[in-house]
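J.: sequence-free structure coming up:
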(Lines give C-alpha, C1' and ligand atoms only; values in the text may rest on other atoms or scores of the structure.)
Protein backbone atom coordinates (compact mmCIF):
# COMPACT_ATOMS: atom_id res chain seq x y z
CA UNK A 1 0.00 0.00 0.00
CA UNK A 2 2.82 2.43 0.80
CA UNK A 3 4.48 1.85 -2.61
CA UNK A 4 1.18 2.75 -4.24
CA UNK A 5 0.92 5.99 -2.26
CA UNK A 6 4.44 7.01 -3.39
CA UNK A 7 3.68 6.29 -7.04
CA UNK A 8 1.47 9.37 -7.57
CA UNK A 9 4.01 11.97 -6.31
CA UNK A 10 6.80 10.31 -8.30
CA UNK A 11 4.70 10.38 -11.48
CA UNK A 12 3.79 14.05 -10.90
CA UNK A 13 7.42 14.96 -10.21
CA UNK A 14 8.75 13.13 -13.31
CA UNK A 15 6.01 14.67 -15.48
CA UNK A 16 6.91 18.14 -14.15
CA UNK A 17 10.61 17.54 -14.90
CA UNK A 18 9.92 16.34 -18.45
CA UNK A 19 7.45 19.13 -19.28
CA UNK A 20 9.73 21.79 -17.78
CA UNK A 21 12.76 20.47 -19.67
CA UNK A 22 10.94 20.38 -22.99
CA UNK A 23 9.51 23.86 -22.39
CA UNK A 24 12.91 25.33 -21.52
CA UNK A 25 14.51 23.68 -24.54
CA UNK A 26 11.86 25.04 -26.91
CA UNK A 27 12.04 28.50 -25.32
CA UNK A 28 15.85 28.64 -25.36
CA UNK A 29 16.17 27.58 -28.99
CA UNK A 30 13.10 29.27 -30.48
CA UNK A 31 15.26 32.16 -31.72
CA UNK A 32 18.07 29.93 -32.95
CA UNK A 33 18.33 29.27 -36.68
CA UNK A 34 19.71 30.42 -39.99
CA UNK A 35 20.48 34.12 -39.87
CA UNK A 36 19.31 34.88 -43.42
CA UNK A 37 17.11 32.00 -44.62
CA UNK A 38 15.92 33.92 -47.71
CA UNK A 39 19.41 34.97 -48.84
CA UNK A 40 18.68 38.70 -48.70
CA UNK A 41 22.25 39.64 -47.79
CA UNK A 42 23.54 38.48 -51.17
CA UNK A 43 21.86 41.47 -52.82
CA UNK A 44 23.70 43.86 -50.48
CA UNK A 45 25.69 46.59 -52.23
CA UNK A 46 29.16 46.63 -50.72
CA UNK A 47 29.86 50.29 -51.65
CA UNK A 48 29.08 52.99 -49.11
CA UNK A 49 30.10 56.60 -48.75
CA UNK A 50 31.73 55.99 -45.38
CA UNK A 51 35.46 56.73 -45.68
CA UNK A 52 36.68 55.63 -42.25
CA UNK A 53 36.30 52.35 -40.45
CA UNK A 54 32.84 52.20 -38.91
CA UNK A 55 30.94 49.50 -37.03
CA UNK A 56 27.14 49.53 -37.10
CA UNK A 57 25.27 47.60 -34.42
CA UNK A 58 21.71 46.95 -35.57
CA UNK A 59 19.02 46.02 -33.07
CA UNK A 60 15.27 45.40 -33.06
CA UNK A 61 13.36 46.22 -29.92
CA UNK A 62 12.07 43.17 -28.11
CA UNK A 63 14.60 40.73 -29.58
CA UNK A 64 15.80 38.56 -26.70
CA UNK A 65 18.98 37.68 -28.58
CA UNK A 66 20.15 41.26 -28.11
CA UNK A 67 21.18 40.59 -24.52
CA UNK A 68 23.62 37.91 -25.71
CA UNK A 69 24.96 40.25 -28.38
CA UNK A 70 25.31 43.09 -25.87
CA UNK A 71 27.56 40.93 -23.69
CA UNK A 72 29.50 40.01 -26.81
CA UNK A 73 29.90 43.67 -27.78
CA UNK A 74 31.21 44.52 -24.31
CA UNK A 75 33.87 41.82 -24.61
CA UNK A 76 34.90 42.08 -28.26
CA UNK A 77 34.52 45.77 -29.01
CA UNK A 78 35.96 47.11 -25.74
CA UNK A 79 39.37 47.53 -27.36
CA UNK A 80 38.10 48.61 -30.77
CA UNK A 81 39.21 52.15 -31.56
CA UNK A 82 36.99 52.74 -34.60
CA UNK A 83 33.72 54.60 -34.72
CA UNK A 84 30.57 52.76 -33.70
CA UNK A 85 26.90 53.51 -34.29
CA UNK A 86 23.80 51.89 -32.86
CA UNK A 87 20.86 51.70 -35.27
CA UNK A 88 17.31 50.44 -35.25
CA UNK A 89 16.20 48.24 -38.14
CA UNK A 90 14.38 51.21 -39.70
CA UNK A 91 17.44 53.48 -39.43
CA UNK A 92 19.68 50.80 -40.94
CA UNK A 93 17.33 50.23 -43.86
CA UNK A 94 17.11 53.97 -44.46
CA UNK A 95 20.92 53.96 -44.85
CA UNK A 96 20.68 51.20 -47.45
CA UNK A 97 21.53 48.22 -45.26
CA UNK A 98 19.68 44.95 -45.77
CA UNK A 99 18.62 43.60 -42.38
CA UNK A 100 17.30 40.03 -42.53
CA UNK A 101 17.59 39.52 -38.77
CA UNK A 102 18.90 41.12 -35.59
CA UNK A 103 21.13 41.48 -33.69
CA UNK A 104 23.35 42.26 -36.64
CA UNK A 105 26.70 43.94 -37.09
CA UNK A 106 28.01 45.64 -40.22
CA UNK A 107 31.70 46.51 -40.43
CA UNK A 108 32.69 49.07 -43.06
CA UNK A 109 36.37 49.47 -43.87
CA UNK A 110 37.73 51.84 -46.53
CA UNK A 111 34.25 52.66 -47.80
CA UNK A 112 33.33 49.00 -48.39
CA UNK A 113 31.46 46.47 -46.34
CA UNK A 114 33.95 44.04 -44.85
CA UNK A 115 31.41 42.03 -42.85
CA UNK A 116 27.63 41.89 -42.44
CA UNK A 117 25.85 39.29 -40.33
CA UNK A 118 25.53 37.99 -36.78
CA UNK A 119 28.10 38.63 -34.07
CA UNK A 120 28.88 34.94 -33.73
CA UNK A 121 27.61 31.50 -34.56
CA UNK A 122 25.83 29.38 -31.99
CA UNK A 123 22.73 29.89 -29.87
CA UNK A 124 24.23 32.26 -27.28
CA UNK A 125 26.49 34.57 -29.30
CA UNK A 126 29.54 33.53 -27.32
CA UNK A 127 32.83 35.34 -27.80
CA UNK A 128 34.54 31.99 -28.34
CA UNK A 129 32.34 31.46 -31.43
CA UNK A 130 33.21 34.86 -32.90
CA UNK A 131 35.33 35.76 -35.90
CA UNK A 132 34.95 39.52 -35.44
CA UNK A 133 38.12 40.15 -33.38
CA UNK A 134 40.19 38.78 -36.27
CA UNK A 135 38.44 41.07 -38.75
CA UNK A 136 38.68 44.16 -36.55
CA UNK A 137 42.36 43.60 -35.75
CA UNK A 138 43.29 42.87 -39.36
CA UNK A 139 44.43 39.31 -38.56
CA UNK A 140 41.86 37.98 -41.04
CA UNK A 141 42.16 39.62 -44.44
CA UNK A 142 39.04 39.24 -46.53
CA UNK A 143 39.16 39.13 -50.31
CA UNK A 144 35.77 40.83 -50.50
CA UNK A 145 32.71 41.48 -48.40
CA UNK A 146 31.74 38.66 -46.07
CA UNK A 147 27.95 38.55 -46.17
CA UNK A 148 27.46 35.96 -43.47
CA UNK A 149 23.82 34.97 -43.68
CA UNK A 150 24.01 31.21 -43.92
CA UNK A 151 25.15 30.50 -40.35
CA UNK A 152 23.00 29.44 -37.43
CA UNK A 153 22.83 31.99 -34.65
CA UNK A 154 20.49 33.47 -32.08
CA UNK A 155 18.46 35.90 -34.17
CA UNK A 156 15.07 37.56 -34.55
CA UNK A 157 13.95 37.62 -38.17
CA UNK A 158 12.79 41.02 -39.40
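T.: Happy to help now that I have it. Source: prediction; values computed, not measured.

J.: C-alpha only now, for contacts and for neighbours.
T.: OK.

J.: ok, which stretches of this structure are strands?
T.: Here the chain has its strands, by DSSP state E, at 32-34, 54-59, 83-88, 101-102, 104-109, 112-117, 146-147, 152-154, 156-157.

J.: which residues sit in contact with the closest residue to residue 84 other than its chain neighbours?
T.: Spatial nearest neighbour of residue 84, excluding adjacent residues (CA to CA, 6 or more residues apart in numbering): residue 55 at 4.7 Å. Residue 55 sits next to 82-85, 105-108 when contact means CA atoms under 8 Å, 6 or more residues apart in numbering.

J.: wait, which of those is closest to residue 9?
T.: Using CA to CA, residue 105 comes nearest to residue 9 of these, at 49.8 Å.

J.: count of neighbours near the closest one?
T.: Residues near residue 105, counting by other CA atoms under 10 Å, number 24.

J.: I'd guessed it sits against residue 58; true?
T.: Yes - using CA atoms under 8 Å, residue 105 is in contact with residue 58, at 6.0 Å.

J.: Let me see the domain layout of this structure.
T.: 1-30, 34-157 (automatic domain parsing).

J.: tell me the most buried of these?
T.: Comparing the domains of the chain by mean neighbour count (mean count of other CA atoms under 10 Å), domain 34-157 ranks first with a mean of 17.

J.: average pLDDT across that one?
T.: Averaged over domain 34-157, pLDDT sits at 84.

J.: ok, so what distance separates the most centrally placed residue in the chain from residue 49?
T.: Of all residues in the chain, the one closest to the mean position by CA atoms, centre = their mean is residue 118, 4.0 Å from it. For residue 118, the distance to residue 49 (CA to CA, to the nearest Å) stands at 23 Å.

J.: Show the contacting residues for residue 77.
T.: residue 133.

J.: Distance check, it against residue 92.
T.: Distance of residue 77 to residue 92, computed by CA to CA: 20 Å.

J.: again, but for residue 139
T.: According to CA to CA, residue 139 and residue 92 sit 27 Å apart.

J.: what's the answer for residue 13, then?
T.: In terms of CA to CA, residue 13 sits 49 Å off from residue 92.

J.: returning to that earlier point: show me what contacts the nearest residue to the residue nearest to the centre of the chain once chain neighbours are set aside?
T.: Excluding the flanking residues, the one nearest residue 118 by CA to CA, 6+ apart is residue 104, at 4.8 Å. Residue 104 is in contact with 57-59, 116-119, counting by CA under 8 Å, 6+ apart.

J.: where's residue 104 relative to residue 7, distance?
T.: Counting by CA to CA - residue 104 and residue 7 are separated by 51 Å.
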